[in-house]
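Student: Structural data only, the sequence is not supplied:
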């Protein structure tokens with residue numbers, strides 16, 4: 001997988017061959033970053049890449065000027081591949097790789113982030129708990145964004161912090177941002 005833009009444009013990110021890692025396609029990544037670029041400046045952001053897999057989302061954010069990225073990946077071989085990519089790109093000082101379950105990490109962390117990527121496996125069934133942990137613990141700074149990649153069978157439009165979604169066949173990107181608006185009324 002190649003980095004789309006920024007100082008590392010066209011560089012290749014290491015990945016592992018596993019059914020447990022489902023890298024975000026170039027087309028989806030391009031739309032994700034175009035959508036974010038219209039809303040935020042990547043310069044100096046603190047990023048969290050949950051269920052990091054190859055780390056491509058966090059590395060892309062670093063390439064575009066993010067100050068620091070925390071990668072959370074429970075598979076040892078995937079976490080090692082992220083560390084190897086970071087070292088190859090001289091980004092190790094701007095990143096931390098946690099080899100831990102993403103939900104456990106959310107229980108422990110006290111940091112706040114400007115941008116959170118969450119790309120859980122399609123078999124993951126705790127999306128609403130994931131959102132609850134992030135927003136109830138104020139892990140996302142005001143004005144920040146959470147991007148959740150998920151199967152189209154999951155719907156989040158009724159979530160209080162939901163902003164918009166982009167659909168690509170069976171893959172959906174849902175964007176969330178902390179806000180003070182009331183929850184949408186159920187129909």
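Tutor: Now that the structure is in, tell me what you want to look at. Small disclaimer: the values here were computed from a predicted structure and weren't measured.

Student: so what's the closest residue to residue 102 other than its chain neighbours up against?
Tutor: With sequence-adjacent residues excluded and distances taken as Cβ to Cβ, 6 or more residues apart in numbering, residue 102 is closest to residue 50, at 4.4 Å. In short, each C-beta sits where N, CA and C put it, glycine included. Residues counted as contacts of residue 50 (Cβ atoms under 8 Å, 6 or more residues apart in numbering) are 72, 102, 105-106, 116-120, 130.

Student: Counting only helices, which of these make the cut?
Tutor: Of the contacts of residue 50, the ones assigned to helices by DSSP state H are 102, 105-106, 130.

Student: Neighbours of residue 3, how many?
Tutor: 21 (other Cβ atoms under 10 Å).

Student: In contact with it, which residues?
Tutor: 9-13, 56, 59-60, 63.

Student: Quick check: bridge partners of residue 113?
Tutor: The partner list for residue 113 in beta bridges (DSSP bridges) reads residue 140.

Student: Model confidence score at it, please.
Tutor: Note for residue 113: predicted pLDDT of 98.

Student: okay, now it: neighbour count?
Tutor: The local packing of residue 113 (other Cβ under 10 Å) involves 23 other residues.

Student: what do you get for the one 5 residues further on?
Tutor: Residue crowding around residue 118 was assessed by other Cβ under 10 Å; the count is 25.

Student: Please give the element, helix or strand, for residue 166.
Tutor: strand 162-168 (DSSP states H and E).

Student: Please apply the same query to residue 28.
Tutor: Assigned by DSSP H and E, residue 28 falls within helix 26-37.

Student: How about that helix, which residues are buried there?
Tutor: Using 16 or more other Cβ atoms under 10 Å as the test for burial, helix 26-37 gives 28-29, 32-33, 35-36.
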